[in-house]
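K.L.:
this is a predicted model, with the sequence first.
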Amino acid sequence: MHNVVIVGAGPAGLSAAIAAAAAGAPVLLIDSNPRLGGQYWRLPADNFGDQHDQHFDLDTGLLLINAVKDRKEIEIYIGAQIWSATHKDGINTLRVLHNGVEKIINTGNLILCTGAYDRTLPFPGWDIPGVMTPGGVQSLLKGHGVLAGKRVVVAGSGPFLLPVAAGVIKAGGEVVDLLEANKSYRWLLSPFVLLENMSKLKEAFFYIKTISEAKLRARFGQAVVAAHKGSDGSLESVDIATIGRKFKIKRIRNVKCNVAAVGWGFTADTSLAGALGCKQSVAKDGGVVVVADQDQQSSIPGIFVAGEITGIGGSELSMAEGVIAGISAAKFVGCKVEVLKAHRKRRAKKQRFANALIKSYPVKAGWISWLNGQTVVCRCEEVTVENLKFAIDELGATDSRTAKLLTRCGMGLCQGRVCGRSVVDLVAAELNIAPSDTDRFSAVNRPIISPIPLGVLAKGE
Amino acid sequence: MKNPDAIVIGAGLVGACTALSLVNAGLRVLVLDRGPVASGTTGAGEGNILVSDKEPSAELTLALRSRDAWFELNTDIGGGFELEDKGGVVVSRSEKGIADLKKLSALQAQNGIQVVELDAKGVKAIEPHISNSVEYAVLYPQDAQCQPMLAAAQIMRAVKKRGGAFIQGENVKSINVKSGKIVGLSTEKNTYACPVVINATGTWAGEIAKMAGSYLPIMPRRGFILVTAPVPKIIHHKVYDADYVANVASSDADLQSSAVVEGTESGTILIGASRERVGFKSDLDVAVLRQLARQAMSLFPILSNIALLRAYRGFRPYAPDHLPVIGEDANVQGLWHAAGHEGAGIGLAPATGELIAAQITSRKTFMDPTPFSPKRFKETSNVAI
Amino acid sequence: MSQFNIEFTFDGEKINAITGQSVAAALLAADHRSLRKTRFNNKERGVFCGIGVCFDCLVVIDGITNQRACLIEAKPGMKVQAQVGSDA
C-alpha cells in the first residue's frame, strides 16, 4: 500500500519519489507516458540503443530512473492519464485512464509534478505542417530517433532553443538559422546568477560547441514572423524579421526551410492542480503557476507541488523542489524526517537562476503586430484574429472567457492549452487593458483534464 | 444614457430580448449587467427552443408564440446565432411512458403543436443511430435550436444599434423606491433616474426584488451539460426521453436526470439534462456526469466511443409553481420582473420580451399575461410605501 | 541505430518504422508532413507540439478517429488514414 501518490515522472517527480521513499513513505508514481523521465529525460524504447548523444546530462536522469525502478517501495504506474481529479474533506480522488479502462485512486497525500509544455505564439502561417515547437522537434529526436526535417530554422526565445539546435545538428540536419528574439546582453541584468550556477554555463557551452562546429551563429533580436507553404501544402519558407526591443518588426528576410521550430519558453501544465482546487497565481511572465509554500505544500494540506508548475525554472530547480516535496510529503504521513537547510539552499540558488531566466527572455507585446486578420489564433477550432476582434468589437466581449464562448476559441480538443494564453493577451490588447488575473485563471480552468470516452465514463462509479 | 425610459437589469437572453422589444417599441433603454453579456445562466444553456415539453397551458401559449418570435427575430436582426429548426424527437420505452406520451401529444396536437407519431421503423429512418430499443417516438417539427451566447450578444448588438445603451460591469446596489413607485436605481458607480426597471436577472432575481423591498421566490436548480469532441453528424434532431417532461415539473430536490442529446453546428454533441436543488454549489459532480453519459448511451449506443471533452453547469431559475414570472411587481409600481424560466428561458425569451413591452406600453399582445404575474405569490414582504 | 523492422499503411501506402516509434515519427521519417484536413476550412495540419498537448496530429487508426499520431506507437499492420475533418 502506498502512502504518497506522485503524478509526473520527470526531474521533479523522480526526485520526489526517491526522497519520499528514502524517508520511509511508500510511493505510487503515476505518469501518462510509456516511460519514466518526463520531457526533459525523454527516452525512446530500449531497442534504440545509447542515447547520451542527444542529452547534456543523461547520467543524472538514468541514475534517478534506475533508482526509482530499483526501489521496492516505489510502485510505478505508467501509461496512466488522469482525466478528472477532485478534492473533498482531505481526500483526493484521481480518476485515471489506463489502456481504455478507468481506475480510481484515492489518497490524502499527493505530490503534483505535471511539468510544462512549449509556449507558442500565433503568427501568420503557424498552422502549416512543418511549423512545430522546439519541444516537438526534440521529442521526435530523443524519443523516436527521427529528424523532423533536413533544413530547420530554430527560433523564439529562451535557452531551450540551444539544445534543440544542437540536437538537430547532431542528428545530421542543417540548422539554417538560430534566432533569439531578445538581445544576448540581457543576461547582464542578473550577473551573479550565472556565476553561482556554473553547471548551467557548462551546459550552455556543451550546446554552443556543437553549434559553432557546424559554423552556425545564433542571431539575436530576430524572430520568425510568418511562414509560407509550398505547392505540396507544407512549409517552404519563413519570414525572419529583425525586431526591436518591443518586438516590433524592423525589416524582413525570407529563408527557405522545411521545419520551423518556434517556441517562447514554457507554459506550466496546471490542469490537475487547478481541478483539485489548489490556489494559483500569475507569474511575472504572465503564466499561471501553482502556489507553493516553503515546504512545497500547495494551498490544500496534503497536496504538494514541485517542478515547472510552481514556476518555470528548469530541471535543476525541479529536482531541488522535488526533493523537498518528497520529504515534506513523507513528514505529512508521519515519517520522522525534516527538510535540511542544504535542500533549501540548493532550491534558493536554482530559484535565482529561474528568476534570471524570466528577466532575460521576456516575450514583449509587439508580437501581436505580426498577426493579420486571417491569422489563426485557436488552431483546434480555426478561429482567426478577425473572428476574435468581431466578438470584442461587435458582440461586446470584455473578457477572454466571453470571447471564448462567442468564438469557440479554446473549446476544441486541446481545451485552450495552445491558444489560451495568447487569447488573453490578444483580447486585452484589443480592449487596451492589462490582462486580469481572472482572465488568466479562466484560460487554464479545465476540470475535465483529458478526453474520456463516454462508454468508459458511463461504466465508472 | 441620461434619463432612460426603462432600465433592464441583466443581459442574458431574457434581458436582451426584453430590451430589444422595448427599443423596437420606441423606448430609450439602458441595459445593465454586473458581468459580460450572457454571463449568467444563458451562458450555460443548451440552446433549447421547445414546444414539445409543454403541456397545454399558459406556458404552452407562450412557447408557441416565442418559437415563431425567434425566427422573426432572426430575420429582424440578421441572424448570427446558429438558429436551426431541427425538430425534436421525444422517445419513451416503458409502457406507461408511451401511453403518457401518446396522451400528451394528442392534447398538444389539439392546441397548435405539430406532432408526428413514429414507430420503430419511423424513428430509425430519421435517427439511424438511435437504439433499437426505441419503438415509439413523437417528432415535433417546431422544436428548434440556437447558440444562446451568440444570440444574446447579437441581440444586444442590435439593441445598441437601435439606440439602446449597454453597460457591463456595474453591480446594482439599491433599487430606489418612493411612495411605492420606482424612481431609479444605483450601482456602485452611478445613480440612474428611471420610472421603469425590469428585473431580468434570472437565478438572482430574488435579490433584486429584495433590494426594492419586495419579494420574489426564485431558486436555483443546477444542471450539467456534457460536450463531446467534434464528430461527424450522427444525431439529426434534439432527441430526448419523455421522462424529461416529468423532471421539469418535479419538486424533488434530489438529482433528476433524463437523456437529452443533440448535435451542434460545430460538430460537438451536447448531452443533458440534470436537475438538482443544491443551491449554488458549483463544483464538478462526476456522479452526475456518469449518469448523463449512461442515459445518453442508452438512447445512442454509438456514443460509447465518443469522447467527453468538457462539461459545464448552470443554475436554472425557477419559481415554486414552475412557471416563469413576467409582470409588474406586487408591491412596487414600475418594477417589472422577467425571470424564473427554469430551463426554458432561451425558448421563451422573445415572447417574454413582447409581454413585458406590451404591458409597459399598455398595448394589446398575443396573450393575457396574468398567469405569469408576480402577484400570484401569496407571500409578500413588508414594504415601506 | 536499428533498422526498420515493422510496416503499416498510411492511406494505403506502405510505411516502414522501427519498433517503439510513434506513428507520427514514422510518417515524418517517410516525409509525410500533412496528416489531416481541418473540419471548417479544409486546411492541412501535421505534427505541431509532438508531445500530445495540441491535438493537431490527428489520424484515423484502424477506423478510430481523433488518434494523436505523436502518442500512438506504430504497430505492424496498422491501418492509418489521414483524418478529414472529424471523420475518416
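P.N.:
The structure has been received and is ready for your questions.
K.L.:
count of residues packed around B:Leu62?
P.N.:
By other C-beta atoms under 10 Å in any protein chain shown, 29 other residues sit near B:Leu62. Every residue, glycine included, has its C-beta placed from N, CA and C.
K.L.:
separation between it and B:Asp68?
P.N.:
The spacing between B:Leu62 and B:Asp68, counted by C-beta to C-beta, to the nearest Å, is 11 Å.
K.L.:
go on, B:Thr361?
P.N.:
21 Å.
K.L.:
with B:Arg157 instead?
P.N.:
Taking C-beta to C-beta, one finds B:Arg157 at 22 Å from B:Asp68.
K.L.:
what about these two, which has more around it?
P.N.:
Shown here are B:Arg157 and B:Asp68; by other C-beta under 10 Å, B:Arg157 has more neighbours (19 against 16).
K.L.:
surely the more buried one touches A:Ile392?
P.N.:
No: assessed by C-beta atoms under 8 Å, B:Arg157 is found out of contact with A:Ile392, at 11.9 Å.
K.L.:
what ranges does chain C have for its strands?
P.N.:
Counting by DSSP state E, residue ranges of the strands within chain C are C:6-10, C:13-17, C:36-37, C:44-45, C:58-61, C:64-68, C:79-84.
K.L.:
adjacent strands (with direction) for the first one?
P.N.:
Looking back up the chat, that one is strand C:6-10. Using DSSP bridges, strand C:6-10 pairs in its sheet with strand C:13-17 (antiparallel), strand C:79-84 (parallel).
K.L.:
next, the residues that contact the last one from outside, please.
P.N.:
In other words, strand C:79-84. C:8-11, C:15, C:23, C:27, C:34-37, C:58-63, C:65-66, C:69, C:88 (C-beta atoms under 8 Å, 6 or more residues apart in numbering or on different chains).
K.L.:
how far off centre is that strand?
P.N.:
7 Å (C-alpha atoms, centre = their mean, to the nearest Å).
K.L.:
buried ones in that strand?
P.N.:
Of all the residues in strand C:79-84, those buried under the rule 16 or more other C-beta atoms under 10 Å in any protein chain shown are C:80-83.
K.L.:
I'd say B:Gln154 and B:Phe81 touch.
P.N.:
Yes: B:Gln154 lies in contact with B:Phe81 (C-beta under 8 Å); the separation is 5.2 Å.
K.L.:
neighbour-wise, which of those two wins?
P.N.:
B:Gln154 (25 against 21).
K.L.:
how about the residues of chain B by chain A?
P.N.:
Residues of chain B lying close to chain A (C-beta under 8 Å from any C-beta of the partner chain) are B:36-39, B:43, B:149-150, B:153-154, B:156-157, B:160, B:166, B:168-169, B:226-230, B:266, B:271, B:283-284, B:286, B:289-290, B:293-294, B:296-297, B:303-311.
K.L.:
what about chain C: which of the residues you listed touch it?
P.N.:
B:229-230, B:305, B:307.
K.L.:
pLDDT below threshold where in chain C?
P.N.:
C:1-2 (pLDDT under 70).
K.L.:
tell me the residues on it that lie near chain A, please.
P.N.:
Going by C-beta under 8 Å from any C-beta, the residues of chain C near chain A are C:1-2, C:18-22, C:24-26, C:28-29, C:33-35, C:38-41, C:43-56, C:58, C:66, C:70, C:73.
K.L.:
and these, which are buried?
P.N.:
Buried among the residues of chain C next to chain A (16+ other C-beta under 10 Å): C:18-22, C:24-26, C:28-29, C:33-35, C:38-39, C:43-56, C:58, C:66, C:70, C:73.
K.L.:
OK, contacts around A:Leu121?
P.N.:
By C-beta under 8 Å, 6+ apart, the neighbours of A:Leu121 are A:262, A:264, A:363, A:367, A:422.
K.L.:
and the residues you listed, which is closest to chain B?
P.N.:
Nearest to chain B among the contacts of A:Leu121 is A:Ser422, at 19.5 Å by C-beta to the nearest C-beta.
K.L.:
understood, closing this out.
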